[in-house]
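**Student:** no letters, just coordinates:
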């Protein structure tokens, strides 16, 4: 008993010593969101939360404050929402007048406008939500890191599972939105990359009420697709894909935006301690954690880990550490998360999920890479075409 008491006292004294001797670090982050119009959808079952993305950032900030409280760190975060017709670049310039650490929740062009500001060249920006693959390729920026998985990472994950299941003949239905086209393009590229073939294709053009007509319309629509092993669906805004399962002309699995979905994060991810993160998020936000929330959480936590390890809060120091060999983030996905030093993309496993459970997680066993199996997902260094990081 006396020995245990002595150890406890020593531990308390050590914690107090750390708190008093650690250099005080003040970290200010600006979370900048561009409000975008939401296209009308056939169903109103899944409205977008008003705090989408921001809620994940707030949970990440709370995590940083918990750790930083013992290390002399103080954390602050300003949130700015730019209206649909607002000037995102101007808002970013104003934010950069206060801090050189920005977390961006915005479309591709708005992100590039912010990254190209003269004020941003020595800053550190995080893309928390945009999945556009070109931001990790020819349109990459040296001051921009990505905690959101790209379309290519998600579709590569899906193709790995289809290869493993030997489902090689594919058909594709694409929705009318730009996000649908981008996801469909990634599906096409990933299919080619993994030796699969997308044969028949169709574009979704219905504006009828599928809640009443799906059983009649979808079989006729899919009849012309012919034979296939899996029907891929590109419907990234959640408009029509929910009406396709069990209504196709031939009974086949559905994958992509519906059915078997490659997702950055999903409520059914519970392994590797993920249930703890899910629970904390639900307690804080009153809803399930979504991919945009996870991307924002990972951005804030990456900053937190870098600050703790470097005892600094300036963008150049943090960037060098984040892209270096010593950075790792415990992301509740079974593998440490790190950043690719050739395009700033966060390496991360991709869960393959359906509505009720995790089916698998990529990279799957057998899909190898000469350096890191996680680099089998998305743009590898030779194919990225990103030159902005060459001199970093």
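**Tutor:** Right, received. Where do you want to start? Because the structure is a prediction, the values reported are computed rather than measured.
**Student:** residue 194: how many residues sit nearby?
**Tutor:** Residue 194 is surrounded by 17 other residues when neighbours are defined as other C-beta atoms under 10 Å. Glycine gets a C-beta too; all of them are placed from N, C-alpha and C.
**Student:** and the closest residue to it other than its chain neighbours, what are its phi and psi?
**Tutor:** Closest residue to residue 194 apart from its sequence neighbours, by C-beta to C-beta, 6 or more residues apart in numbering: residue 159 at 4.2 Å. The phi and psi torsions at residue 159 (degrees, to the nearest 10) take the values phi -70, psi -30.
**Student:** show me the helices in this protein, by range?
**Tutor:** 2-21, 54-68, 88-96, 108-115, 151-165, 178-193, 210-223, 274-285, 291-310, 315-322, 381-384 (DSSP state H).
**Student:** which residues touch the residue nearest to residue 194?
**Tutor:** The contact partners of residue 159, taken as C-beta atoms under 8 Å, 6 or more residues apart in numbering, are 190-191, 193-194, 196.
**Student:** ok so, going back, residue 127: which of the helices of the chain is closest?
**Tutor:** Residue 127 sits nearest to helix 108-115 of all these, at 5.6 Å, using C-beta to C-beta.
**Student:** let me see the mean pLDDT of the closest one.
**Tutor:** Computed over helix 108-115, the mean pLDDT rounds to 98.
**Student:** quick one: distance of it to the chain centre.
**Tutor:** 17 Å (C-alpha atoms, centre = their mean, to the nearest Å).
**Student:** and if you look at stretch 152-159?
**Tutor:** The chain centroid and the centroid of stretch 152-159 are separated by 13 Å under C-alpha atoms, centre = their mean.
**Student:** that older thread, out of the helices of the chain, which is closest to residue 254?
**Tutor:** Sorting the helices of the chain by C-beta to C-beta, the top spot, which is the nearest, belongs to helix 210-223 at 10.3 Å.
**Student:** against which helices or strands is that closest one packed?
**Tutor:** Judged by 3 or more C-beta pairs under 8 Å, 6 or more residues apart in numbering; DSSP states H and E, helix 210-223 has no packing partners among the helices and strands.
**Student:** contacting residues around it?
**Tutor:** For helix 210-223, the surrounding residues in contact (C-beta under 8 Å, 6+ apart) are 42-43, 171, 173, 202, 204, 206, 208, 231, 240, 243-244, 247-250.
**Student:** from residue 104, how far out is residue 31?
**Tutor:** From residue 31 across to residue 104, the span is 8 Å (C-beta to C-beta, to the nearest Å).
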